[in-house]
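Visitor: Next one to model:
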Amino acid sequence: MVYLAMAVKRYRYRAYPTGEQARMLARTFGCCRVVFNDFIAERDRLYQAGLHRDVSLTETARLVTTIAKTTPERAWLAEVSAAPLQQAAADAARAYRNFFASFAGKRRGPKMGLPSRKRRSHRQAARFTANTRFKILDTGRMGRGGSKWGKVRLPKIGDLKFIRSRDLPSNPTSVTTICEPDGTYWVSFVIDEPAVAPTPATRVAALDLGLTDLAAVVSVDPGTGDAVREKIPNLRPMKAAARRLARRQRSLARKQKGSANSAKARVRVARAHRKVRDLRADHHHKLAARLIRDHDLLVLETLALVGLGRTRLAKSMHDAGLGILIRFIKEKAENQGRTVARIGRWEPTTQTCSVCGKPGGKKPLHIREWTCEGCSTRLDRDYNAAVNILVAAGLAETLNACGPDIRHRLAGAVGNESGTRRTEATD
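Guide: Purely as a prediction, here's the structure:
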């Protein structure tokens, strides 16, 4: 077996703390939030006094953790493990470093703002690093669905049980305990795992992402010339669960705030949202894994996802989760040695005929098929865009070569294409 570079992966398991462990975890989550906020408050105070250049971030972290425990106001910080508090201070320091790097133009991506204080949230987490010497124990007992019960021994918390649905390939470097808004607990282990070299694949593919269909995929084998196209349906999990979510939201609105019934109704709402999120993530994970497994190179278009999320299609955009799918594809490609290419945002993939190259102008979203005025080809909007993405990346025949026939078969609208999810485009 051939291995590539090391890859960082997370293994997440459902945990079942006892009552006392749940109370200690809640106390740990609260202390981490206080340390994070104290760090920001101290940096603000230093900035107002003009001393922010004289006191390092490391010294500030020591002030809000080690030194704070010796004061009467923060003596209760000593009741929980020191490791999560140190990690909370390190997270705050990292947020400041990211802000400084972004302000100086040394950090890619959108501009980062100053870190803000954490508010009380129904999703809480605390991270334990390897220097705490946490230990994973195998109880040998069988759990649900044939899974094993495991335990992780954490300082000042004890042996926390979790469902060991799959084995850990190596010793983790850290473990994060998480409490979700629906009241469920999880443990997330970070593993340094060598990436396995993928099986050989020679096919290249282009994806045209959308909302009517999640993706139109055009796949070509450059060696044999055979091509396949398919459309991936958009699950719309949020739209499918809209009635159930609305009913639970109305039930929550009728409850008196702060009451026990209000807390139960909030958990039911959070549980419904978690099911939607898990359904979307499961679909995107499986789709990304299949595309990476079957293709050596994937070409994606660059989308202005932030801008699209502010239009009248914002709700549908968030429901489709295009950004999540792109992230999964990039992560899996990196772990398996595949290549993901991107074309420019302003490529007219929808407007141009992929057979003859004649521009057809802008088209409203409701037009799913159109006829080219140059070559009279009846084109499918999504497949035509996917073929143009291949052409823009330099992976399809040029317009002057002998490629119009295969492009005609890939981009053409044949019959009722909406009912055919996978179409062979060979002779």
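
Visitor: Quick one: mean pLDDT over the top helix by length along the chain.
Guide: Looking across the chain with DSSP state H, the single longest helix is helix 260-294. Per-residue pLDDT over helix 260-294 has a mean of 95.

Visitor: Then stretch 55-65?
Guide: 94.

Visitor: buried stuff in the lengthiest strand in the chain?
Guide: Across the chain, the longest stretch assigned as strand under DSSP state E is strand 3-16. For strand 3-16, burial by neighbour count (16 or more other CB atoms under 10 Å) applies to 7, 9, 11, 13-15. Heads up, the C-betas are built off the backbone N, CA and C, glycines and all.

Visitor: possible to save those as a markdown table with pLDDT?
Guide: Shown next, in a markdown table, are those (pLDDT from 0 to 100):
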| residue | pLDDT |
| --- | --- |
| 7 | 75 |
| 9 | 87 |
| 11 | 93 |
| 13 | 94 |
| 14 | 95 |
| 15 | 96 |
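
Visitor: Take those and lay them out in a markdown table including distance to residue 185.
Guide: As requested, these are exported to a markdown table (distance: CB to CB, whole Å):
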| residue | distance to residue 185 |
| --- | --- |
| 7 | 27 |
| 9 | 21 |
| 11 | 15 |
| 13 | 10 |
| 14 | 7 |
| 15 | 4 |
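
Visitor: where do the helices sit along the stretch 101-250 of the chain?
Guide: Secondary structure of the stretch 101-250 of the chain (DSSP state H, counting those that start in this stretch): helices at 237-240, 242-254.

Visitor: Among these, show me which one is buried the most.
Guide: With neighbours taken as mean count of other CB atoms under 10 Å, these reach their highest mean count in helix 237-240, at a mean of 16.

Visitor: Tell me how far it lies from the chain's centre.
Guide: 18 Å (CA atoms, centre = their mean, to the nearest Å).

Visitor: which helices and strands sit right next to it?
Guide: Using 3 or more CB pairs under 8 Å, 6 or more residues apart in numbering; DSSP states H and E as the contact test, the elements touching helix 237-240 are helix 260-294, helix 314-320.

Visitor: returning to that earlier point: could you give me the buried positions within the longest helix of the chain?
Guide: Result for helix 260-294 [16+ other CB under 10 Å]: buried residues 262, 265-270, 272-273, 276, 280, 283-284, 287-288, 291-292.

Visitor: If we ignore the residues flanking it in sequence, what's nearest residue 36?
Guide: residue 88 (4.7 Å; CB to CB, 6 or more residues apart in numbering).

Visitor: which ones are touching the one you found?
Guide: 32-33, 35-36, 39, 126 (CB atoms under 8 Å, 6 or more residues apart in numbering).

Visitor: a markdown table please, covering those and showing distance to residue 179 and neighbour count.
Guide: Converted to a markdown table, those look like this (distance: CB to CB, whole Å; neighbours: other CB atoms under 10 Å):
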| residue | distance to residue 179 | neighbour count |
| --- | --- | --- |
| 32 | 12 | 24 |
| 33 | 12 | 18 |
| 35 | 17 | 24 |
| 36 | 16 | 22 |
| 39 | 22 | 26 |
| 126 | 9 | 26 |
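
Visitor: With secondary structure, pLDDT and distance to residue 392 added, can I get those in TSV?
Guide: Converted to TSV, the contacts of residue 88 look like this (DSSP: H, G, I helix; E, B strand; the rest coil; pLDDT from 0 to 100; distance: CB to CB, whole Å):
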residue	secondary structure	pLDDT	distance to residue 392
32	helix	96	47
33	helix	96	47
35	helix	96	49
36	helix	97	45
39	helix	96	47
126	strand	96	46
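
Visitor: of the residues you listed, closest to residue 388?
Guide: Ranked by distance to residue 388 (CB to CB), these are led by residue 36 at 47.5 Å.

Visitor: Could you report the separation of the nearest residue to residue 66 once chain neighbours are set aside from residue 276?
Guide: Residue nearest to residue 66 in three dimensions, not counting chain neighbours: residue 82, with 8.0 Å by CB to CB, 6+ apart. Between residue 82 and residue 276 the computed distance is 38 Å (CB to CB, to the nearest Å).

Visitor: Could you do residue 93 as well?
Guide: 35 Å.

Visitor: you'd agree residue 393 is up against residue 299?
Guide: Yes. The pair residue 393 / residue 299 is scored as a contact, 4.5 Å apart, by CB atoms under 8 Å.

Visitor: who has more neighbours, these two?
Guide: The neighbour comparison of residue 393 against residue 299 (other CB atoms under 10 Å) goes to residue 299, with 25 against 19.

Visitor: For whichever strand or helix holds that one, name the packing helices and strands.
Guide: Secondary structure from DSSP states H and E places residue 299 in strand 297-301. Contacts defined by 3+ CB pairs under 8 Å, 6+ apart place strand 297-301 against strand 204-209, helix 322-336, strand 339-343, helix 381-392.

Visitor: tell me which of the buried residues of strand 3-16 is nearest to residue 229?
Guide: So of the buried residues of strand 3-16, ranked by how close each gets to residue 229 (CB to CB), first place is residue 7, at 31.4 Å.

Visitor: burial count for residue 99?
Guide: Neighbour count of residue 99, defined by other CB under 10 Å: 16.

Visitor: Next one: it from residue 211, what distance?
Guide: Per CB to CB, residue 99 is found 35 Å from residue 211.

Visitor: Could you tell me the per-residue confidence at the spatially most central residue of the chain?
Guide: The chain has residue 324 as the residue nearest its centroid, 4.6 Å off, counting by CA atoms, centre = their mean. Per-residue pLDDT puts residue 324 at 95.

Visitor: Report the separation between the nearest residue to it once chain neighbours are set aside and residue 215.
Guide: Of all residues beyond its chain neighbours, the one nearest residue 324 is residue 284 (5.4 Å), with distances taken as CB to CB, 6+ apart. According to CB to CB, residue 284 and residue 215 sit 10 Å apart.

Visitor: swap in residue 319?
Guide: 15 Å.

Visitor: again with residue 371
Guide: Residue 371 is 24 Å from residue 215, by CB to CB.

Visitor: Settle it for me: which of these two has more neighbours?
Guide: Higher neighbour count among residue 371 and residue 215: residue 215, with 23 against 12, using other CB under 10 Å.

Visitor: which ones are touching that one?
Guide: 207-209, 231-232, 287, 325.
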